[in-house]
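> this one's structure only:
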Ligand SMILES: *Cc1c(COP(=O)(O)O)cnc(C)c1O
């Protein structure tokens, strides 16, 4: 059963439950049994699965349209830029606010070789939606995480001996688990420092049921391609690869670039802007439209996107807000229903 069907089932059962409840209130026979049956059926639908569905048509006219064809197109652009590289599509934070499962289905259909997330829970949500593509998970230092990695066939990114030990204990007898190791080439957030890599590889060699299959690092400043720091990180990355080779590692996967590292996108301009006035309240904000001709009640207001040939993109809003585009899209909350167009859902 697809998750869409199961969610529909979930809703029907909830309806059925309500009817049964009404019947019980009226004192009809057998009503209690049907309540129990309906509740049992409802319990079968995992909440993660049910939460991924298209939100029913909203009553208020506020929504975020996610164009899955545009997402598929982005993958084609990445392919063109790096035709010989495999693509790991990063879907953390609910695919940066776009809705993880529909985005994942679209990218998998488009041929993405890997999916990447920050949390084990995110990976499990993908598996529960029926996605079988290899999933890389970085950030899993909590208890029980490695058992889940094994149960849901996930590939962890490790960078401490403790993590190797915990995973090694979780792997089933006779099996070997492939992992990727993160090297810190300058981001100073996570990873084995380059100078410690050789010693690290040696110290985890005793975990015979864990094999290092990939090496990764993360650029700190890829948003500014001309930044000298990128060159320094790339230099350290090459060193790390040499060290890995001299340690006898047989690496199938090497990954350095994130999106801005792989691309430099042209910026879209906007020319029709109205100014926000006063304080943004929960669901309301006030905009000064004094200078906009022909404004009437009920007009569509675009905060992010296109209207009549003008556009405001997340990068531009981020610039005003003094942040990066990722934070803008991720902060479009769950209360704003996503409407999907194109692609696969
Ligand atoms: C978020 C993240 C990525 C992807 O970065 P993008 O800029 O979204 O491409 C890659 N690697 C790690 C470790 C990350 O946390």
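Sure, I can see it. Note that the coordinates shown come from a computational prediction; the quantities given were computed from them, not determined experimentally.
> tell me the contacts of the residue most central in space within the chain?
Taking CA atoms, centre = their mean, the centroid of the chain lies closest to residue 91, which sits 2.0 Å from it. Residues in contact with residue 91 (CB atoms under 8 Å, 6 or more residues apart in numbering) are 100, 103-104, 107, 115-117, 122, 126. Where C-beta positions appear, they are placed from N, C-alpha and C, glycine not excepted.
> Inside helices: which ones of those residues?
Counting by DSSP state H, these place 100, 103-104, 107, 122, 126 in helices.
> Which members of those residues are the farthest-apart pair?
107 and 122 (14.4 Å; CB to CB).
> residues of the helix or strand hosting residue 149 that come out buried?
According to DSSP states H and E, residue 149 maps onto helix 145-151. Neighbour-count burial for helix 145-151, counted by 16 or more other CB atoms under 10 Å, picks out 145-146, 148-149.
> List just the nearest of the contacts of residue 91 to residue 287.
residue 103 (30.2 Å).
> pretty sure that closest one is in contact with residue 68, am I right?
Yes - taking contacts as CB atoms under 8 Å, residue 103 lies within contact range of residue 68: 7.2 Å.
> And the two? Which one has more around it.
Ranked by neighbour count (other CB atoms under 10 Å), residue 103 and residue 68 place residue 103 first, with 25 against 22.
> Can you check the pLDDT for that one?
On the pLDDT scale, residue 103 is placed at 97.
> residues contacting it?
Going by CB under 8 Å, 6+ apart, residue 103 touches 66, 68, 71, 89, 91, 95.
> Let's see which of those residues end up in strands.
66, 89 (DSSP state E).
> Packing partners of the helix holding residue 149?
Here helix 145-151 touches helix 120-128, strand 155-158, helix 161-170, going by 3 or more CB pairs under 8 Å, 6 or more residues apart in numbering; DSSP states H and E.
> Wait, a strand at residue 306?
Yes - counting by DSSP: H, G, I helix; E, B strand; the rest coil, residue 306 falls inside a strand.
> In the one helix or strand residue 240 maps to, which residues are buried?
Assigned by DSSP H and E, residue 240 falls within helix 228-246. The neighbour-count check on helix 228-246 (16+ other CB under 10 Å) flags 230, 233-234, 236-237, 240-241, 243-244 as buried.
> Near the ligand, which residues of this structure are found?
90, 92, 118, 138, 218, 258-260 (CB under 6 Å from any ligand atom).
> which ones among the residues you listed are found in strands?
Those of these mapping onto strands are 90, 138, per DSSP E.
> Looking at the residues of the chain next to the ligand, which one is closest to residue 182?
Nearest to residue 182 among those is residue 138, at 6.5 Å by CB to CB.
> Pick out the residue in the stretch 1-150 of the chain sitting closest to the ligand.
residue 90 (3.9 Å; CB to the nearest ligand atom).
> out of everything not next to it in sequence, what's closest to that residue?
Residue nearest to residue 90 in three dimensions, not counting chain neighbours: residue 116, with 4.4 Å by CB to CB, 6 or more residues apart in numbering.
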